[in-house]
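J.: below is the sequence, then the predicted model.
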Amino acid sequence: MAGVSNPFDDDDVNPFANNASASPAPSSKLAPLPHEPYDRSATVDIPLGSGSMKDLKAKEKELQAKEAELKRKEQELKRREEAISKVGVILEEKNWPPFFPLIHHDIPNDIPIHLQTMQYIAFTTLLGIVVCLVWNVIAVSVGWINGSDPSLWFLAVIYLISGVPGAYVMWYRPLYRATRTDSALKFGWFLVCYSFHIGFCVFAAVAPPIIFRGQSLTGILPAIQILTWSGFVAIFYLIGFAFFTVESLVSIWVIQQVYMYFRGSGKAAEMKRQAMLAAL
């Protein structure tokens, strides 16, 4: 087919080609841009806003004000403590018993070392009277269950609820403060009140038939009397008698030691001088 023309022949006109003769084609290569200089040692300043600077200064002033207030309060507290110590008032923090603090009791830190043994044994007698009176209630309750007079139980409860706090207030706390502050008047008060304590313990150990035939206290005489009709109840009364007897003996030792210290340290003479000055 010689007469058919080739559409891809070079002689043919390219329909997509522009008129080359009309205008020259632009250059396909562009000149590169020059490199900008970079200084590695240059620092970039990021300015903080004026609001953030004001906040920092305000917080700094607030912290300084709080610190000054704490120092002022600390100095005031020290000044008050010094004034109280000069007057002779002792701050006492309740710390005993540990599970339910009711009183302040810290013999190792409050009492001089040469008086600590005496104070510990005196504290033992305080716990001892608590045991005696609690057991007294138990024994009288057992007697009531086995047919004794119910009025005895009420008397035993009265002994307990009045005797325990009374013992602490009347003689143990005065002794604690006397050994702590070395006060002659407090020593004298202890000796008087502790003498009544010993008298009560001796009376309870015997329990003569004065009030309700003496059976409101677990002494030896009620125990012998109850033994005639109930050996079981009598055992409780005999145990109470042993408790009151031991309490009496230990208490006698304590008052002897306190009295010896009271006389030997010159507290008796000092107490006489104070009494004479008070009388004048």
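T.: Sure, I can see it.
J.: all contacts plus neighbour counts: C-alpha atoms, from now on.
T.: Will do.
J.: what average pLDDT does the strand or helix carrying residue 71 get?
T.: Using DSSP states H and E, residue 71 maps to helix 50-87. The predicted model assigns helix 50-87 a mean pLDDT of 76.
J.: show me what secondary structure element comes after it.
T.: Going down the chain from helix 50-87, the next helix or strand is helix 107-110, by DSSP H and E.
J.: starting at the chain centroid, how far to that following helix?
T.: When distances are taken as CA atoms, centre = their mean, to the nearest Å, helix 107-110 is centred 16 Å away from the chain's centroid.
J.: which regions of this structure sit below the pLDDT cut-off?
T.: 1-51, 81-91, 212, 267-280 (pLDDT under 70).
J.: mind running it again at 80?
T.: Where the chain drops to pLDDT under 80, the residues are 1-55, 77-92, 211-213, 265-280.
J.: check contacts around residue 244.
T.: 129, 132, 201-202, 204-205, 219 (CA atoms under 8 Å, 6 or more residues apart in numbering).
J.: just checking, what packs against whichever strand or helix holds residue 134?
T.: Here residue 134, judged by DSSP H and E, is contained in helix 116-145. Packing partners of helix 116-145 (3 or more CA pairs under 8 Å, 6 or more residues apart in numbering; DSSP states H and E): helix 107-110, helix 151-167, helix 173-181, helix 231-264.
J.: repeat the analysis, applying 7 Å as the threshold.
T.: helix 151-167, helix 231-264 (3 or more CA pairs under 7 Å, 6 or more residues apart in numbering; DSSP states H and E).
J.: list the buried residues for that helix?
T.: Buried positions in helix 116-145, judged by neighbour count with 16 or more other CA atoms under 10 Å: 116, 118-119, 122-123, 125-126, 128-144.
J.: do the same with stretch 151-161
T.: Buried residues in stretch 151-161, counted by 16+ other CA under 10 Å: 152-153, 155-157, 159-160.
J.: now swap in stretch 168-179 and tell me
T.: 168, 170-179.
J.: circling back to that earlier point, of the buried residues of stretch 151-161, which is the nearest to residue 57?
T.: Among the buried residues of stretch 151-161, residue 160 lies closest to residue 57 (CA to CA), at 66.5 Å.
J.: hang on, isn't the closest one packed against residue 133?
T.: Yes: here residue 160 reaches residue 133: they are 5.3 Å apart, a contact under CA atoms under 7 Å.
J.: of all the residues in stretch 230-248, which ones are buried?
T.: In stretch 230-248, counting by 16+ other CA under 10 Å, buried: 233-248.
J.: just confirm residue 237 contacts residue 218, I think it does.
T.: Yes: using CA under 7 Å, residue 237 is in contact with residue 218, at 4.6 Å.
J.: where's residue 78 relative to residue 142, distance?
T.: As judged by CA to CA, to the nearest Å, residue 78 and residue 142 stand 57 Å apart.
J.: same question, residue 175
T.: Going from residue 175 to residue 142 by CA to CA gives 36 Å.
J.: repeat for residue 233
T.: 6 Å.
J.: residue 235 now?
T.: Counting by CA to CA, the gap from residue 235 to residue 142 is 10 Å.
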